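Novice: here you go, sequence then predicted model.
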Amino acid sequence: LAVAVLLGLRHATDPDHLAAVTTLVASGGERARSAGELGLAWGLGHAATLFAFGVPIILFNGVLPQRVQQATESLVGGVIVYLALRLLVRWRRGELSFHAHPRAHDARTRRGAFAIGLVHGMGGSAGVGVLIVASARSTGIALTSLALLAVFTAVSMTVLSSGFGS
């Protein structure tokens, strides 16, 4: 269980997570509090997908089909590329000014961050589920580990987002 907490805290520092959170925060010129809210929304979306994919894997001792894993990884990659391109286009147009007050329509919404977290969580869910199933001695411990991993990923994403917003 302690390993699940530590993995959750470290999980948000994976390069793909850092890319997602920096594009969320930088694209809206967020301050620390609102950036933290976006990070929390992203983390909750990520956690929801971890549960949606991870719980059946744990309960039925299974894995996601290879095609589903490939499709979700491709979708996550596409979302990251889209966010990065959107950020570059907005920067090129001069729409990003970190010294000016952001207009309300420039900032990302918590709903949008949650949706991006949902998509992003699909990519790593199969691997996380298999890792937890392989290492847990019981279904209860596996489910608790999954919950801790998801919660602490959301916590660390909130902290990282707040730091980037500052």
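Specialist: Happy to help now that I have it.
Novice: so where do the helices sit in the chain?
Specialist: Remark: helices assigned in the chain by DSSP state H are 2-11, 15-28, 32-59, 66-92, 110-135, 139-165.
Novice: next, format these as JSON lines and append mean pLDDT and mean neighbour count.
Specialist: C-beta coordinates here come from the backbone N, C-alpha and C atoms, glycine included. Shown next, in JSON lines, are the helices of the chain (pLDDT from 0 to 100; neighbours: other Cβ atoms under 10 Å):
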{"stretch": "helix 2-11", "mean pLDDT": "80", "mean neighbour count": "16"}
{"stretch": "helix 15-28", "mean pLDDT": "72", "mean neighbour count": "20"}
{"stretch": "helix 32-59", "mean pLDDT": "85", "mean neighbour count": "22"}
{"stretch": "helix 66-92", "mean pLDDT": "80", "mean neighbour count": "14"}
{"stretch": "helix 110-135", "mean pLDDT": "73", "mean neighbour count": "20"}
{"stretch": "helix 139-165", "mean pLDDT": "86", "mean neighbour count": "21"}
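Novice: quick one: contacts for the residue lying closest to G165 once chain neighbours are set aside?
Specialist: Spatial nearest neighbour of G165, chain neighbours left out: A35 (2.6 Å); criterion: Cβ to Cβ, 6 or more residues apart in numbering. Listed by Cβ atoms under 8 Å, 6 or more residues apart in numbering, the contact set of A35 reads L24, V25, S161, S162, F164, G165, S166.
Novice: pretty sure the third one sits against A20.
Specialist: It refers to S161. No: counting by Cβ atoms under 8 Å, S161 does not reach A20; the two are 9.9 Å apart.
Novice: between these two, what contacts are shared?
Specialist: With contacts defined as Cβ under 8 Å, 6+ apart, the residues shared by S161 and A20 are W42.
Novice: let me see the contact set for L9.
Specialist: Counting by Cβ under 8 Å, 6+ apart, L9 has contacts F152, T153, V155, S156.
Novice: doesn't G45 make contact with the second one?
Specialist: In this case it means T153. No: here T153 does not reach G45: they are 10.8 Å apart, not a contact under Cβ under 8 Å.
Novice: any idea how far the residue nearest to G165 is from T72?
Specialist: To T72, A35 is 26 Å away according to Cβ to Cβ, to the nearest Å.
Novice: likewise for D14?
Specialist: Applying Cβ to Cβ, the value for D14 to T72 is 16 Å.
Novice: please apply the same query to R111.
Specialist: Counting by Cβ to Cβ, the gap from R111 to T72 is 21 Å.
Novice: now swap in L18 and tell me
Specialist: The gap separating L18 from T72 is 19 Å, by Cβ to Cβ.
Novice: then F51?
Specialist: Applying Cβ to Cβ to F51 and T72 gives a distance of 15 Å.
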